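Asker: what follows is a predicted protein model with its sequence.
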Amino acid sequence: MYGDADSEVEMAYYFWVLRSGDETILVDTGFDPAAGARQGRTLVCPPVDALRRMCDAAPMDAPMAGRVAVAGLVTALAVASTASASSGPGRYLSWDAGRRVAHLTLLAGLGTGNNGFNFDGYGRGELLVRVPVGWRVIVDCENRGGGRHSCAVVRGALAVTPAFAGAATPQPLVGLSPGAKASFSFVASRVGTFRLASLVAGQEQARMYAVLDVTHGGLPAITARRGP
């Protein structure tokens, strides 16, 4: 690399202490012996022992115990947060059984799933929504993508007429502009399997749809599955 011959490189992990008045914050404790062994790394001094030695050499005040900032952990938490955001669709559906009302959020073009042709990050029929027959469904549709998208409930592939009265955003063939929002509601008046789709030209062909099952009974539900 950079014209130099390959050679061994020594890598060391350090941690620091930040002091401000009466507060002390420990920054980055590195990895523990078990993690080092798994990675084939030699650990000269375990972090806990190093901290103990440091405290013996220069005693620190009690507040430090509650303030440990681990740089690696910050990255891990950021990754975990991203994973959590896409780990399940449950947050997009709520309901009131007493009123028999389900509330569904559809974020069109959320992220890169199915090349951006998705709802809530899921395309190709991966998102499955179930509601009992006779319930009212309120849909909040928001365009998170870079082009126009719409939200509509239709009977099946390439259908452009809403399957229930009022079951589409305004001008569904034109779509909402990026960042725009619209809501609609409908009564799921008959049992069957339908599509939640964007009716903008070419987008159903790009498999931008979810599945809506209107069931004989039970409670609303939303799940995700592997698409074709």
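Answerer: On my side now, so go ahead. Quick caveat, the model's predicted, so the values are computed rather than measured. Numbering: from 1, shown residues only.
Asker: going forward, measure contacts and count neighbours with C-alpha atoms only.
Answerer: Fine.
Asker: how near is Arg99 to Gly179?
Answerer: Between Arg99 and Gly179 the computed distance is 31 Å (C-alpha to C-alpha, to the nearest Å).
Asker: for those two, work out which one has more neighbours and name it.
Answerer: Gly179 (13 against 9; other C-alpha atoms under 10 Å).
Asker: let me see the ranges of the helices in this structure.
Answerer: Assigned by DSSP state H, the chain shows helices spanning 33-38, 47-57, 71-86.
Asker: looking at this structure, which helix or strand does the model trust least?
Answerer: Across the helices and strands of the chain, mean pLDDT, DSSP states H and E gives its lowest value to helix 71-86, namely a mean of 42.
Asker: the closest residue to Thr161 other than its chain neighbours: neighbouring residues, count only.
Answerer: Spatial nearest neighbour of Thr161, chain neighbours left out: Val154 (6.2 Å); criterion: C-alpha to C-alpha, 6 or more residues apart in numbering. Look at Val154: counted by other C-alpha under 10 Å, it has 24 neighbours.
Asker: list the beta-bridge partners for the residue nearest to Ala163 when sequence neighbours are not counted.
Answerer: Among residues not flanking Ala163 along the chain, Val154 sits closest, at 4.6 Å (C-alpha to C-alpha, 6+ apart). When bridges are called by DSSP bridges, Val154 pairs up with Pro162, Arg195.
Asker: no more questions from me, cheers.
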